[in-house]
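Trainee: what follows is a predicted protein model with its sequence.
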Amino acid sequence: MQQMQDEPFPAIWSDTPAKRRRWALLQSSNRFLRSQEAAMGSLRCHYCGTGPLRIYSWDDSNGRNAPDKATTDHVIPLSRGGPDSPDNTVVSCFPCNQRKGVS
Ligand SMILES: [Zn+2]
């Protein structure tokens, strides 16, 4: 299993605190997915069981709306004060994540 490092903040993004927060969240989400993949061997959707799911790079346009795109879902949404920690995070396929409307 190849260990991907955190990606540097994209040079094409405008460097604002909001974007920095979004990027930090994305990196922490990808770290969680990689650790799950390493532990479980493959990624499956917590909701519908679809798998194996793929971890797409942020700039991979193929992965933007791919049904096999691995995303993370916060059990208690961040917007409702849920922590960004592994025990508040589950693996979700992109369609389920969209359906739920939160991440
Ligand atoms: Zn699903």
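Mentor: The structure has been received and is ready for your questions.

Trainee: burial count for the closest residue to G51 other than its chain neighbours?
Mentor: In space, and not counting its chain neighbours, G51 is closest to R44: 3.4 Å by Cβ to Cβ, 6 or more residues apart in numbering. To be clear about C-beta, it is placed using only N, CA and C from the backbone, and glycine gets the same treatment. When neighbours are counted by other Cβ atoms under 10 Å, R44 registers 17.

Trainee: same check on the one 10 residues further on?
Mentor: As a burial measure, R54 scores 16 neighbours (other Cβ under 10 Å).

Trainee: who touches the residue nearest to it when sequence neighbours are not counted in this structure?
Mentor: Once flanking residues are discounted, R54 sits nearest to D68: 5.2 Å by Cβ to Cβ, 6+ apart. Neighbour list for D68: T50, P52, L53, R54, C93, F94 [criterion: Cβ atoms under 8 Å, 6 or more residues apart in numbering].

Trainee: of the residues you listed, which are in range of the ion?
Mentor: Under the cut-off given by Cβ under 5 Å from the ion, the ion has T50, C93 from the contacts of D68 close to it.
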